[in-house]
Every structure is written in structure tokens, then in C-alpha cells.
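J.: Dropping the sequence and predicted coords here.
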Amino acid sequence: MKTLFHSHNLNTAHASVVLAQHNFNAPNPVLPGMLSALNPDIEIFTSVDHLEEEDIFMHKNIIFETVKYFKNVDGYITDQIFTDEYHHIDSMFVNELSKLIGDKHFIIGPSFSKIPYFRQSQILDELIEYDVSGVMFDIRDIDFNNYSELQPLAKLKIHAKKRIEIIPVVSSEEKRDELTRSIPFDMVYIHP
């Protein structure tokens, strides 16, 4: 199992990191290149979100330019593809973003878990069509002993099969271990 660790600094001993600010905005622009130069074997994923921009056209262009700028990363993560209160995705934007990202990983961030339960499988299928590598599912605030709270994640994992990676977001290594005792995952993201 691969564990992705949240980071916004260069001092990391982890093999796989997600570079992002705590609110999931894109990191300081020099971090990915410097981290790659300091640790050539590290796997780096970076957020490309820019939550402060309110103009939709400018926002999309900021994300495109951020992807172009971060060349030394293994994958890109964004939460900002949803429309209509998380009921739909902006298909044209996702399609263009997928083309720009090319053969690197394209991951949808933790906001995926805000999609209404009845739409999650359909949206997951749409994302697979656009070569999305994985989706994060935020479970930091649920009780792992309450199986009804884990049920949406388990059903999504079953629906995904091996077509797309479902990446649970937990708050600690202890929570990761507790989760994977109940439901096995190939990848988990730790974001305190």
C-alpha cells in the first residue's frame, strides 16, 4: 500500500508526498522543483487549486498555467472541477485539463466526497472517460467503527474496481491502519 503524506515544506522523509497548502491551494511555486532536486527518488503530487479566484475564466486559466509550470511532478490534484453544488463536473474543463496533464497522474481532490451519494458512481464513470487516475474521498470526520458511515466509500471502491484509484483521506497513520483493517486500499492520503 502506498501512503501519500501532505506537505508544504522540503523537510520530508516520505517516499510520496502531496505538496499543497493546508487549505489545498497550490503550494509555493518553488517547492516541487526544489524537492525533486533534493530528493530525486521522491514521488511528488501537487495541488493546482487556486481558491481565491472568483472569475471562472481566470480561475481555469490559473489552473492550466499552474499545471504547465509544475513540470517536475508525478501528478496533479484539483478539487475545482465541480459545478451545480457538486452535482456535475465541468466536462470541457476536465477534458482540456486531462489533455494538458497527459501521461502524468490526474487526481480529483477530497471535495469528491461532497458529491451527493446518489451521483458519485455516475460522476466516477465520467471521470474515468477523461483518464482521471484517482479520486480522493475525505473520511477524516467519520467514525470507523460505524460501518454505515464507511458504506459510501466501500460501495464506491466496489464500483471503481480497477478502473480508477479510490484514495481515502485520513488524519493520521493510526487512522490509515484502522481503515485498512476494515477495507483494503492500494493508496491512502494522510492530511492532518
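T.: Cool, got the structure.
J.: any chance you could map the helices in this protein?
T.: 31-38, 56-69, 91-101, 117-129, 147-160, 173-182 (DSSP state H).
J.: who wins for proximity to Thr78 among those?
T.: Closest approach to Thr78 among those is made by helix 56-69 (6.3 Å; Cβ to Cβ). For the C-beta atoms, the positions are set from N, CA and C on the backbone; glycine is no exception.
J.: what's in contact with that closest one?
T.: Outside of helix 56-69, the residues within contact range by Cβ atoms under 8 Å, 6 or more residues apart in numbering are 26, 29, 48-50, 53, 76, 78, 80, 93, 96-97, 100-101.
J.: List only buried entries from those residues.
T.: Ala26, Val48, Asp49, His50, Tyr76, Thr78, Gln80, Phe93, Leu97, Ile101 (16 or more other Cβ atoms under 10 Å).
J.: quick revisit: make JSON lines out of the helices of the chain and add distance to Phe137 and mean pLDDT.
T.: Converted to JSON lines, these look like this (distance: least, Cβ to Cβ, whole Å; pLDDT from 0 to 100):
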{"stretch": "helix 31-38", "distance to Phe137": "24", "mean pLDDT": "94"}
{"stretch": "helix 56-69", "distance to Phe137": "21", "mean pLDDT": "96"}
{"stretch": "helix 91-101", "distance to Phe137": "18", "mean pLDDT": "97"}
{"stretch": "helix 117-129", "distance to Phe137": "9", "mean pLDDT": "96"}
{"stretch": "helix 147-160", "distance to Phe137": "5", "mean pLDDT": "93"}
{"stretch": "helix 173-182", "distance to Phe137": "11", "mean pLDDT": "95"}
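J.: Can you redo these as JSON lines, where the extra columns are distance to Met1?
T.: Output for the helices of the chain, formatted as JSON lines (distance: least, Cβ to Cβ, whole Å):
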{"stretch": "helix 31-38", "distance to Met1": "22"}
{"stretch": "helix 56-69", "distance to Met1": "27"}
{"stretch": "helix 91-101", "distance to Met1": "24"}
{"stretch": "helix 117-129", "distance to Met1": "21"}
{"stretch": "helix 147-160", "distance to Met1": "13"}
{"stretch": "helix 173-182", "distance to Met1": "7"}
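J.: Which among the ones you listed is found nearest to Ile108?
T.: Nearest to Ile108, of those and by Cβ to Cβ, is helix 117-129 at 6.3 Å.
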